[in-house]
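Student: what follows is a protein structure lacking sequence information:
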Ligand code: TRP
């Protein structure tokens, strides 16, 4: 049986937080361990440049995110783990795709439209601060996906449209350059997992860097405890029954607990566990799950060359595929040596 190719990218901005861990990193690492699929995971550092023009931050964040995935046990023999910018064929394919992608398709992209709408609402020039990177970023993402013939692309809801655009672009390319019987590019499908938890942040809204309400994944124990203490609660005293289902403390608990532990905490809420107590238990539960990885993470950050070696190993594997894809694609469009 031919294995399905599953591919996803992680934009290298910011420091991973518990929401990223529960919603994306943990499920992806689990999926890559089953061996049912061929798994491609990459650091989308070209994408980072769209959001962040601080070179130090882009660089630092690439290192932290790579170290995070490695520390959490990503098996780089099973999954192909690489950095986008190491695959020189990706920007090359991006250009070829740009030349078949209708501008109208990009006009409809949510991220771009949202930026234009915000400018208009503020009485600004509609294109204020909108770069070509932001405008055409779905084409770069299409190249990421189509380069490796990905069948499935696990994403958050905000990225569904981009995977559909990659599909449209692939169809267009095939229509122009390939025979019906032998398409060159594989049409990808998005996968949205409704079962993974969307974690709440300190203020009860979705945990997100843009709300500034996150708990970073690898804090020291002390800092982790401090952050957990900042989770908003109500004023109920110890001894007063509390509603677990409207509580962020309970919601985060659930994301780390097994069924028995969840039932126990539900019971403790009914019996009026104090907030301080509940938070202490939450700290222990999280710390137990990520404590060893934190040590590996700190170790790795002290040895960037080892992280780099892992990325180079992934890049070598990835380049075998990207080079052969580019041979096909270049030939299809008429760009090859004279003979
Ligand atoms: N744009 C995605 C995000 O912001 C990251 C990404 C880049 C990606 N290339 C990709 C995801 C290819 C899936 C496939 O989350």
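Tutor: Happy to help now that I have it. All figures in this text were calculated on a predicted structure; none of them were measured in a lab.

Student: and the strands in the stretch 101-250 of the chain, which stretches?
Tutor: 152-154, 189-191 (DSSP state E, counting those that start in this stretch).

Student: including mean pLDDT, could these go into a markdown table?
Tutor: What follows is these, written out as a markdown table (pLDDT from 0 to 100):
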| stretch | mean pLDDT |
| --- | --- |
| strand 152-154 | 95 |
| strand 189-191 | 96 |
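
Student: just name the most buried of those.
Tutor: Mean neighbours per residue, mean count of other CB atoms under 10 Å, is largest over these for strand 152-154, with a mean of 21. (Each C-beta comes from the backbone N, C-alpha and C, glycine too.)

Student: name the helices or strands packed onto that strand?
Tutor: Packing partners of strand 152-154 (3 or more CB pairs under 8 Å, 6 or more residues apart in numbering; DSSP states H and E): strand 4-11, helix 26-34, strand 189-191.

Student: closest residue of the stretch 201-339 of the chain to the ligand?
Tutor: Closest contact between the stretch 201-339 of the chain and the ligand, by CB to the nearest ligand atom, is at residue 209 (11.8 Å).

Student: residue 51 versus the residue nearest to that residue when sequence neighbours are not counted, what's the distance?
Tutor: Nearest non-adjacent residue to residue 209, counting by CB to CB, 6 or more residues apart in numbering: residue 14, 5.0 Å away. Counting by CB to CB, to the nearest Å, the gap from residue 14 to residue 51 is 9 Å.

Student: just to revisit the earlier point, of the strands of the stretch 101-250 of the chain, which approaches the ligand most closely?
Tutor: Minimum separation from the ligand across those (CB to the nearest ligand atom) falls at strand 152-154, 5.0 Å.

Student: is the ligand contacted by the closest one?
Tutor: Yes: shown here: strand 152-154 in contact with the ligand (CB under 6 Å from any ligand atom) through residue 153.

Student: list the contacts for the closest residue to the ligand within the stretch 1-150 of the chain?
Tutor: The ligand sits closest to residue 9 of the stretch 1-150 of the chain, with a gap of 3.0 Å, by CB to the nearest ligand atom. With contacts defined as CB atoms under 8 Å, 6 or more residues apart in numbering, residue 9 is in contact with 41-44, 47, 84, 141, 144.

Student: change it to 6 Å
Tutor: Under the criterion of CB atoms under 6 Å, 6 or more residues apart in numbering, the neighbours of residue 9 are 42, 44, 144.

Student: hmm, back to that, now render the strands of the stretch 101-250 of the chain as CSV, adding distance to residue 101.
Tutor: CSV is the format used below for the strands of the stretch 101-250 of the chain (distance: least, CB to CB, whole Å):
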stretch, distance to residue 101
strand 152-154, 18
strand 189-191, 18
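
Student: of those, which is nearest residue 337?
Tutor: Minimum separation from residue 337 across those (CB to CB) falls at strand 152-154, 33.6 Å.

Student: the residue of the stretch 1-150 of the chain closest to the ligand pairs with what?
Tutor: residue 42 (DSSP bridges).

Student: what's the nearest residue to residue 130 if we skip its chain neighbours?
Tutor: Nearest residue to residue 130 in three dimensions, chain neighbours excluded: residue 115, at 5.3 Å (CB to CB, 6+ apart).

Student: so how far is residue 17 from that neighbour?
Tutor: Distance, residue 115 to residue 17, using CB to CB: 24 Å.

Student: same deal with residue 67?
Tutor: 15 Å.

Student: Three-state assignment for residue 70, please.
Tutor: Look at residue 70: counting by DSSP: H, G, I helix; E, B strand; the rest coil, its state is helix.

Student: tell me which parts of the stretch 1-150 of the chain are close to the ligand?
Tutor: Proximity of the stretch 1-150 of the chain to the ligand, by CB under 6 Å from any ligand atom, involves residues 7-9, 11, 44, 47, 141, 144-145.

Student: can you give me phi and psi for residue 257?
Tutor: Residue 257 adopts backbone torsions of phi -90, psi 160, taken as degrees, to the nearest 10.
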